[in-house]
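Trainee: I would like the atomic coordinates for the input below:
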Amino acid sequence: PILLFELNKDENWRSIINKPEDTRMYDLELILRFFAIRDLYKDTSSIKQINLLKYLNEYMGKHRDIEEEKCFEMKKDFQNIMKLFNDNLGVNTFRKYSSEKCKFFSKINPAIFDALCIAADEAVKNNKPVVDLEKKYIELLENKDFINVTTQQTTNIDNIIKRIELAYMILFGE
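Mentor: Now for the predicted structure:
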């Protein structure tokens, strides 16, 4: 839990969130979500659907006493991703886009958050170059398949995997 509080103070993360720390800890939940969904993405085994609250609580319980080295690695992963997004998308990161109004919504969308963070984590680890991220981000947000998997059955494992893969392909693919 200390790691989550520490990461919640990360300047790039705070800049993207663009709000003071949430007293209801929604910002902490998003950070936890990144690590939990990332691990789920790596090992979906036979799960088809998750109860998100239960899954996050179980994940938190299992990772309560993580080793210092693992903690450092998780911290570095999160900070690298937030820097990448803050440098390239700023306050528009993790938000839906209105094509009609040509503007981003103000509220963070958790399904978009999951997809972007995990796709970026994979891209950073695979040394993928970041090119025209803002343009590609709007393309992703206007993609019909991406809209479907970020608005319908968002805890369905197939939809989680599909939105991560679409984000990776559109934002960082060849």
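Trainee: Going by C-alpha atoms from here, please, whenever you check contacts or count neighbours.
Mentor: OK.
Trainee: All the strands of this protein, residue numbers only.
Mentor: 95-98, 103-108 (DSSP state E).
Trainee: closest one to residue 6 among these?
Mentor: The minimum distance between residue 6 and these falls on strand 103-108, with 20.2 Å, by C-alpha to C-alpha.
Trainee: how much space is there between the closest residue to residue 106 other than its chain neighbours and residue 102?
Mentor: In this structure, residue 106 finds its nearest non-sequential neighbour in residue 95, 6.7 Å apart by C-alpha to C-alpha, 6 or more residues apart in numbering. When C-alpha to C-alpha, to the nearest Å is applied, the distance between residue 95 and residue 102 equals 13 Å.
Trainee: Comparing those two, which residue is more hemmed in?
Mentor: Neighbour comparison, residue 95 and residue 102: the larger count goes to residue 95, with 19 against 9 (by other C-alpha atoms under 10 Å).
Trainee: That one against residue 112, yeah?
Mentor: Yes. Proximity of residue 95 to residue 112 meets the contact threshold set by C-alpha atoms under 8 Å, at 7.0 Å.
Trainee: Reformat the strands of the chain as TSV; add mean pLDDT.
Mentor: Listed next are these as TSV, based on pLDDT from 0 to 100:
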stretch	mean pLDDT
strand 95-98	94
strand 103-108	94
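Trainee: any idea which of those is most buried?
Mentor: For those, the stretch with the most neighbours on average is strand 95-98, a mean of 18; neighbours defined as mean count of other C-alpha atoms under 10 Å.
Trainee: so what's the residue nearest to residue 106 up against?
Mentor: The neighbours of residue 95, taking C-alpha atoms under 8 Å, 6 or more residues apart in numbering as the test, are 104-109, 112-113.
Trainee: what does residue 27 give?
Mentor: 8, 17, 21.
Trainee: now the last one: how far from residue 29?
Mentor: So the one you mean is residue 21. Taking C-alpha to C-alpha as the measure, residue 21 and residue 29 are separated by 12 Å.
Trainee: who's the residue nearest to residue 106 bridged to?
Mentor: When assigned by DSSP bridges, residue 95 has beta-bridge partners residue 108.
Trainee: Residue 135: how many residues sit nearby?
Mentor: Count around residue 135 with other C-alpha under 10 Å applied: 11.
Trainee: I should have written residue 59 there, sorry.
Mentor: Per other C-alpha under 10 Å, the neighbour tally for residue 59 reads 18.
Trainee: Quick check: phi and psi at the residue sitting furthest away from the middle of the chain.
Mentor: In the chain, the residue that sits farthest from the middle, by C-alpha atoms, centre = their mean, is residue 100; the gap is 25.3 Å. Residue 100 has phi and psi values of phi -60, psi -40 when expressed as degrees, to the nearest 10.
Trainee: Alright, calling it a day.
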